[in-house]
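Peer 1: Predicted model, plus sequence, below.
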Amino acid sequence: MINVKRSFPAPEILEEEKQKKNGNYNQKEVLDRLKQDFHNKCYICETKSGTFNIEHLISHKGNKNLKFAWENLFLSCGHCNNIKLNDYDDILDCTKEDVENYISYRFEPLLPKAKVKIEALKNDNRVKKTVELLDKVYNGTTVLKNMESENIRKRLLDELMKFQKMIYNYEYEDFDEEDKLMLLQKIKSSLKDSSEYTAFKRWMIKDVQDLKEELEIMSEK
């Protein structure tokens with residue numbers, strides 16, 4: 001989960017559907033905007049899934065204001081949506097809060113079947129609930145969800161291994177200045193909001209101080 005900038009104004013069709021007796025928020029215009037805002041990836045697990053749901057951050061339970069509120073609609077994969085359900089209405093809102101300063105993400109699969117390690121960096125109930133949800137998402141709950149979580153971890157591992165290889169090459173390979181700059185640009189691109197599992201990659205960079213400083217200098221130029 002990373003910070004996401006939501007676009008405004010809300011899709012006009014939401015208000016139109018809200019006025020109907022059996023209105024439906026699940027409209028193409030709404031889904032297209034959510035895909036754009038959330039970079040075509042689930043806001044919880046950051047996987048670019050082919051199957052998305054329009055998810056309510058706060059369960060509407062029939063409340064029309066919550067059901068059709070643009071700020072309450074999020075892009076979620078089926079796996080995360082089915083775990084969250086109505087049990088996590090009090091998690092952080094990644095479109096309004098600096099969630100990346102409240103949670104740490106680690107995945108170091110040195111042993112088979114290693115689990116993702118999510119930790120709260122602030123003693124706050126909403127942060128703790130968000131961490132609890134993320135732990136279930138990445139590490140599983142039921143037999144079926146364990147299988148789905150394992151698939152996410154495999155995909156996460158593949159992405160992080162490629163990213164780690166870039167870091168290794170930058171730190172240890174004897175490249176000329178031009179090639180090293182190109183590699184630094186690739187690393188920076190992998191840290192964009194649109195990249196998969198950006199939260200994990202940004203936490204990896206925090207452990208490589210000189211690279212972190214080089215990226216900050218590049219961003220200032």
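Peer 2: Arrived safely. Remember, predicted model here, so these are calculated numbers, not experimental data. Numbering: from 1, shown residues only.
Peer 1: Please name the residues that touch S49.
Peer 2: Contacts for S49 (CB atoms under 8 Å, 6 or more residues apart in numbering) come out as K41, C42, C77, G78, H79. Just so you know, the C-beta spots here come from the backbone N, C-alpha and C atoms, and that holds for glycine as well.
Peer 1: looking at this structure, which helix or strand does the model trust least?
Peer 2: The helix or strand of the chain with the lowest confidence, counting by mean pLDDT, DSSP states H and E, is helix 209-220 at a mean of 83.
Peer 1: and that helix, which residues are buried?
Peer 2: Residues L211, E214, L215 are the ones in helix 209-220 that count as buried (16 or more other CB atoms under 10 Å).
Peer 1: which other residues reach that helix?
Peer 2: Helix 209-220 is contacted by residues I167, Y170, E171, L184, Q185, I187, K188, L191, I205, K206 when judged by CB under 8 Å, 6+ apart.
Peer 1: how about a cut-off of 6 Å?
Peer 2: For helix 209-220, contacts defined as CB atoms under 6 Å, 6 or more residues apart in numbering pick out K188, I205.
Peer 1: for stretch 158-173, same thing?
Peer 2: For stretch 158-173, the surrounding residues in contact (CB under 6 Å, 6+ apart) are L183, K186, I187, S190, E196, Y197, K201.
Peer 1: Could you give the average pLDDT over that stretch?
Peer 2: Stretch 158-173 carries an average pLDDT of 93.
Peer 1: If you count neighbours, what's buried in it?
Peer 2: Neighbour counts over stretch 158-173 (16+ other CB under 10 Å) mark E159, L160, F163, M166, I167, Y170 as buried.
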